[in-house]
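>>> Got a sequence here, can you model it:
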Amino acid sequence: MFLGGTISTPPASLRLRSTLNPQNAVTQSSSQATFPAAMQRKPPSYSISDEDLESRGFLLRRTAEGLNLDQLNSVFVAVGFPRRDTAKIEVALQNTDALLWVEYEKTRRPVAFARATGDGVFNAIIWDVVVDPSFQSCGLGKAVMERLIEDLQVKGICNIALYSEPRVLGFYRPLGFVSDPDGIKGMVFIRKQRNKK
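Okay, here's the model as predicted:
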């Protein structure tokens, strides 16, 4: 995941192979397109149902309302991200097209989070996928990603990419992400730091 700062090697980039092809869309009006019946999405089938998550004390949230940014920052730090300025996190969230986070009901704290930015039509990039280490290996990361991907695809977005640390690429492959599909390579601009004299 690209977070800024000094990076010795560019982060790995993955793209989701979409099940919807925008070339097959039928235009209804200037602002809407529908897909032929054979290509329309089926109701989502999640690895963990919303009801199961709720029965385990996890509440799904799709807006930033109620999200404590200091607590979210603590999750970022716990997984190895740098601590961020909460005012900048707030701006990032204002410019986010889709987000999903999980609140643990007993503590009222965020324990999983992911967000996506994009053009709202064709392309989206998923950022900041995190699960509090105390809650890893219980399906929350997969639950967040499945729902975020579904939310993007419902909007008709068919090109979904993400940045990830190489050590967790294997997590994303079963969700449909592939490295360098069709030979496409991503590039990242990294600002060189000037030496202070």
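
>>> Okay, and the beta partners of the residue most central in space within the chain?
Among the residues of the chain, the one closest to the centroid is residue 126, at 3.5 Å (C-alpha atoms, centre = their mean). The bridge-partner assignment for residue 126, based on DSSP bridges, gives residue 116, residue 162.

>>> For it, list the residues it contacts.
Residue 126 makes contact with 114-116, 145, 148-149, 160-162, according to C-beta atoms under 8 Å, 6 or more residues apart in numbering. (C-beta placed from N, C-alpha, C; glycine too.)

>>> Where neighbours are concerned, which of those residues has the most?
Using other C-beta atoms under 10 Å as the neighbour criterion, residue 162 leads those with 27 neighbours.

>>> That one against residue 123, yeah?
No. Residue 162 is beyond contact range of residue 123, at 11.9 Å (criterion: C-beta atoms under 8 Å).

>>> So in this structure, where's the weakest helix or strand by average pLDDT?
Across the helices and strands of the chain, the lowest-confidence element by mean pLDDT, DSSP states H and E is strand 26-29, at a mean of 37.

>>> roughly how far apart are the residue nearest to the centre of the chain and residue 111?
Between residue 126 and residue 111 the computed distance is 18 Å (C-beta to C-beta, to the nearest Å).

>>> again, but for residue 81
If you measure residue 81 against residue 111 using C-beta to C-beta, the figure is 15 Å.

>>> related to what we said a few turns ago, may I see the contacts of residue 126 organised as TSV, with pLDDT added?
Shown next, in TSV, are the contacts of residue 126 (pLDDT from 0 to 100):
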residue	pLDDT
114	98
115	98
116	98
145	97
148	97
149	96
160	95
161	94
162	92
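
>>> Which single one of those residues is nearest to residue 86?
Taking C-beta to C-beta as the measure, residue 86 lies nearest residue 115 of the contacts of residue 126, at 15.1 Å.

>>> So, low pLDDT: which residues of the chain?
Residue ranges of the chain with pLDDT under 70: 1-44, 195-197.

>>> show me where it has strands.
Counting by DSSP state E, one finds strands in the chain at the ranges 12-16, 26-29, 32-34, 58-61, 98-104, 109-118, 123-131, 159-164, 177-179.

>>> Can you tell me the strand partners of the fourth one and which way each runs?
Sheet pairing here is set by DSSP bridges, and for strand 58-61 it gives strand 98-104 (antiparallel).
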